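**Q** got a sequence here, can you model it:
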Amino acid sequence: MDKKFNKIMLVDDSENLRMVIKEYLEIKGYSVWDFKDCDTASKAFNTTLFNLCIIDLSMRSQEDFALLQTIRKYDKSMPIVLLSNSDSREDRIKGFKLGCDDFISKPFSIEELELRIQAILRRSQLLAPASTGIYEEKLYRLGNFVFNFSDMQLIHPKATRTLTRKEAELLKLLCDHKNKLIPREIILKEVWGDEDHAVGRSMDVFLTKLRSYLLIDDEGHIAPKVKGKRKIAYVDGYEPMVEICNVHGTGFMLKIKE
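**A** I've put the predicted structure just below:
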């Protein structure tokens with residue numbers, strides 16, 4: 001079973017335990033990104049696609065639970081394993097209520113931890129197929145752009161931009177339905193898991209950002225008199241190869257000129 005492209009976030013303020021877990025899991029073939037505090041881990045989560053998160057509650061527990069809540073807010077299906085010095089009923093109940101998938105009390109067998117990780121990833125269908133052992137990057141070609149969803153990068157001959165998690169998930173949804181109208185409520189449900197009006201405003205901000213990233217392909221064709229204003233207009237007769245179109249009051253479409 002090929003596991004080397006399963007990225008694991010490990011958060012633990014104990015350097016010794018962190019290194020022991022990291023080294024063992026890497027020997028077993030996983031890619032482990034380790035963090036000593038919740039703040040740096042949270043920032044990394046926003047810019048990197050992980051397959052599973054391990055959070056040690058031996059740190060300040062309120063911060064650890066806050067990180068768990070943050071991860072669960074932005075990713076409803078991310079597998080999360082909590083490690084704890086405590087076996088208290090209250091911590092276990094709180095952890096599961098906030099969305100963890102497993103709770104392991106110390107001391108624990110590191111072999112058992114790895115087996116639990118295997119089981120969780122298998123259930124989540126995130127392990128690479130054992131039959132091929134080949135990792136296939138999720139790549140999309142958009143005119144002169146290449147969008148690498150696996151690395152959350154939008155690549156253009158002029159520049160490469162690393163996207164945030166939400167930007168990458170939103171662009172992937174548009175790519176999966178290119179040249180097709182996606183209703184606003186579907187985008188909100190698929191990417192944000194919520195159709196609330198306030199979330200809708202956040203979606204509009206992210207779509208505006210994605211539009212601005214795509215403009216690098218059209219800089220020489222934007223009409224000078226409106227460049228820099230909120231509405232971008234192109235010189236007469238020019239059609240962009242890649243464009244996110246807003247169908248007013250209905251939804252959005254990633255229009256790709258074939």
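**Q** contacting residues around the residue nearest the centre of the chain?
**A** Centroid-nearest residue in the chain, with C-alpha atoms, centre = their mean: Arg165, separated by 3.7 Å. Neighbouring residues of Arg165 by C-beta atoms under 8 Å, 6 or more residues apart in numbering: Phe45, Asn46, Thr47, Thr48, Leu49, Tyr74, Asp75, Met152. Quick note: C-beta positions are derived from backbone N, CA and C, even for glycine.
**Q** again, only using 10 Å
**A** Residues near Arg165 by C-beta atoms under 10 Å, 6 or more residues apart in numbering: Phe45, Asn46, Thr47, Thr48, Leu49, Phe50, Tyr74, Asp75, Met152, Val191.
**Q** ok, those vs Tyr24, which is closest?
**A** The closest of the contacts of Arg165 to Tyr24 turns out to be Phe50 (C-beta to C-beta; 17.9 Å).
**Q** name the SS class of the closest one, please.
**A** Following DSSP: H, G, I helix; E, B strand; the rest coil, we place Phe50 in the coil state.
**Q** could I get the pLDDT score of the residue nearest to the centre of the chain?
**A** As predicted, Arg165 sits at a pLDDT of 84.
**Q** for Ser77, same thing?
**A** In the prediction, the pLDDT value recorded for Ser77 is 80.
**Q** run through the helices of the stretch 1-150 of the chain in chain order.
**A** Using DSSP state H, counting those that start in this stretch, the helices found in the stretch 1-150 of the chain span residues 15-27, 38-47, 61-74, 89-98, 110-123.
**Q** could those be laid out in JSON lines, adding mean neighbour count and distance to Leu254?
**A** JSON lines is the format used below for the helices of the stretch 1-150 of the chain (neighbours: other C-beta atoms under 10 Å; distance: least, C-beta to C-beta, whole Å):
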{"stretch": "helix 15-27", "mean neighbour count": "15", "distance to Leu254": "37"}
{"stretch": "helix 38-47", "mean neighbour count": "16", "distance to Leu254": "22"}
{"stretch": "helix 61-74", "mean neighbour count": "17", "distance to Leu254": "22"}
{"stretch": "helix 89-98", "mean neighbour count": "14", "distance to Leu254": "35"}
{"stretch": "helix 110-123", "mean neighbour count": "15", "distance to Leu254": "31"}
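**Q** of all those helices, which one comes closest to Ile256?
**A** helix 38-47 (25.5 Å).
**Q** how about residues contacting that closest one?
**A** By C-beta under 10 Å, 6+ apart, the residues outside helix 38-47 that reach it are 9-13, 33-35, 50, 53, 55, 59-60, 62-68, 70-71, 74-75, 78, 152, 162-168.
**Q** and the helices of the stretch 1-150 of the chain, which one averages the lowest pLDDT?
**A** Lowest mean pLDDT within the helices of the stretch 1-150 of the chain: helix 61-74, at a mean of 80.
**Q** show me what it is packed up against.
**A** Packing partners of helix 61-74 (3 or more C-beta pairs under 10 Å, 6 or more residues apart in numbering; DSSP states H and E): strand 7-11, helix 38-47, strand 52-56, strand 80-84, helix 89-98, helix 165-176.
**Q** 7 Å instead?
**A** Applying 3 or more C-beta pairs under 7 Å, 6 or more residues apart in numbering; DSSP states H and E, we find helix 61-74 packed against helix 38-47, strand 52-56, helix 89-98.
**Q** which residues sit against it?
**A** By C-beta atoms under 7 Å, 6 or more residues apart in numbering, the surrounding residues in contact with helix 61-74 are 11, 38, 41-42, 45, 53, 55, 57, 78, 80, 94, 98-100, 165-166.
**Q** and with 6 Å instead?
**A** Helix 61-74 has contacts (C-beta atoms under 6 Å, 6 or more residues apart in numbering) with Cys38, Ser42, Cys53, Ile55, Leu57, Met78, Leu98, Gly99.
**Q** and the furthest pair within these?
**A** The most widely separated members of the contacts of helix 61-74 are Leu57 and Met78, with 17.3 Å between them, by C-beta to C-beta.
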